[in-house]
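Colleague: prediction below, plus the sequence it came from.
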Amino acid sequence: MQSYYTHRNLPEPAIPAPPTYALLKGQTALVTGANSGIGRAIAVSLGRAGADVIVNYVVNPEDAEAVAEAIRSDGRRAIAVHADVADEAQVQAMFSVAVREFGTVDILVSNAGMERNAPFHEMTLGQWDAVINVNLRGAFLCAREAVREFLRRGVREGISVAAGKIIFTSSVHEVIPWAGHVNYAASKGGLMLLMKSLAQEVAEKRIRVNSIAPGAIRTPINHAAWSTPEAYAELMKLVPYKRIGEIEEIGRAAVWLASDFTDYIVGTTLFIDGGMTLYPGFETGG
């Protein structure tokens with residue numbers, strides 16, 4: 001089939017390459033739990049968008065350093081910093097390093113999270129505390145330090161129209177109950193109201209707080225759920241879009257939420273789930 005141009009003997013127009021926007025140029029991002037999975041993808045994506053990045057980790061320092069090196073290979077600055085987000089002193093020390101090395105922090109992605117699954121009647125206090133301490137207490141501690149830094153510094157004219165941006169990594173289980181994972185679901189439900197309440201409190205200070213809530217994403221932590229055809233088919237019963245999500249899709253969303261393109265988005269959870277929160281069990285009318 002002839003195109004519009006050849007049919008009319010007109011020259012085909014040149015198609016320019018897609019523009020590369022340094023959306024986060026001049027900004028510094030701190031990403032917790034950034035040495036693998038979703039955190040790694042977010043950290044690398046922020047670097048590619050122009051940000052310098054603090055790569056937080058607790059275990060596997062070699063993986064964290066590999067993430068930092070990937071960011072440096074894209075021309076940005078990056079360092080790996082060890083800190084347990086559930087420990088107040090370690091979180092404060094991590095932010096002190098960030099400010100000393102980079103001058104400030106503009107973006108916090110509070111991503112560190114964990115699961116310790118058990119039937120409710122068999123769940124130990126240790127399993128409950130481990131998940132709540134990292135997923136909820138850790139989010140509080142990191143966000144508190146970020147807000148303190150944003151308030152100290154204020155808006156950086158010419159860098160961003162916001163004084164700071166906080167993005168929590170939540171989950172579809174902030175709204176979907178999850179039997180056998182009560183501690184995890186409770187932590188994410190709590191994180192949802194932490195995010196919304198904080199967003200309400202600091203919005204007048206030009207601090208934007210939002211969450212990303214992934215659904216079924218291909219990561220090592222859920223390898224058993226997608227690694228065989230049988231497991232994948234079973235998983236797809238929960239996903240109307242009929243494919244698993246990729247970590248890069250979460251990274252791109254984090255860049256968007258951290259950019260000035262989304263300056264009027266405040267206190268919102270962005271679900272990236274292929275429609276999982278549409279409750280596909282009711283797609284035939286129940």
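Modeller: Received it, and whenever you're ready, just let me know what you need. Residues are numbered from 1 along each chain as shown.
Colleague: count of residues packed around residue 104?
Modeller: A total of 16 residues lie near residue 104 under the criterion other CB atoms under 10 Å. Glycine gets a C-beta too; all of them are placed from N, C-alpha and C.
Colleague: dump the residue contacts of it.
Modeller: Contacts of residue 104 were listed using CB atoms under 8 Å, 6 or more residues apart in numbering, and they are 28, 98, 149, 153, 156.
Colleague: rerun at 7 Å
Modeller: 28, 149, 153 (CB atoms under 7 Å, 6 or more residues apart in numbering).
Colleague: which one of the residues you listed has the most neighbours?
Modeller: Highest count within those by other CB under 10 Å belongs to residue 28, 23 neighbours.
Colleague: and the strands in the stretch 151-286 of the chain, which stretches?
Modeller: Assigned by DSSP state E, counting those that start in this stretch, the stretch 151-286 of the chain shows strands spanning 164-169, 207-214, 269-272.
Colleague: and the ones you listed, which is most packed in?
Modeller: When these are scored by mean count of other CB atoms under 10 Å, the highest mean neighbour count falls to strand 164-169 (a mean of 26).
Colleague: ok, residue 254 to residue 96 distance?
Modeller: 24 Å (CB to CB, to the nearest Å).
Colleague: who's more crowded, those two?
Modeller: Set side by side, residue 254 and residue 96 show more neighbours around residue 254, with 30 against 11, by other CB under 10 Å.
Colleague: count of neighbours near the closest residue to the more buried one other than its chain neighbours?
Modeller: Excluding the flanking residues, the one nearest residue 254 by CB to CB, 6 or more residues apart in numbering is residue 42, at 4.5 Å. Neighbourhood size, residue 42 [other CB under 10 Å]: 30.
Colleague: now for the lengthiest helix in the chain, which elements pack on it?
Modeller: The helix that spans the most residues within the chain, counting by DSSP state H, is helix 182-202. Secondary-structure packing of helix 182-202 (3 or more CB pairs under 7 Å, 6 or more residues apart in numbering; DSSP states H and E): helix 125-132, helix 138-153, strand 207-214.
Colleague: which one of the contacts of residue 104 is nearest residue 246?
Modeller: Closest to residue 246 out of the contacts of residue 104 is residue 28 (26.1 Å), distances taken as CB to CB.
Colleague: ok, the residue nearest to the closest one when sequence neighbours are not counted to residue 46 distance?
Modeller: Using CB to CB, 6+ apart and skipping the chain neighbours, the partner closest in space to residue 28 is residue 102 (4.3 Å). Counting by CB to CB, the gap from residue 102 to residue 46 is 13 Å.
Colleague: ok, residue 164 - contacts?
Modeller: By CB under 7 Å, 6+ apart, the neighbours of residue 164 are 106, 146, 150, 207.
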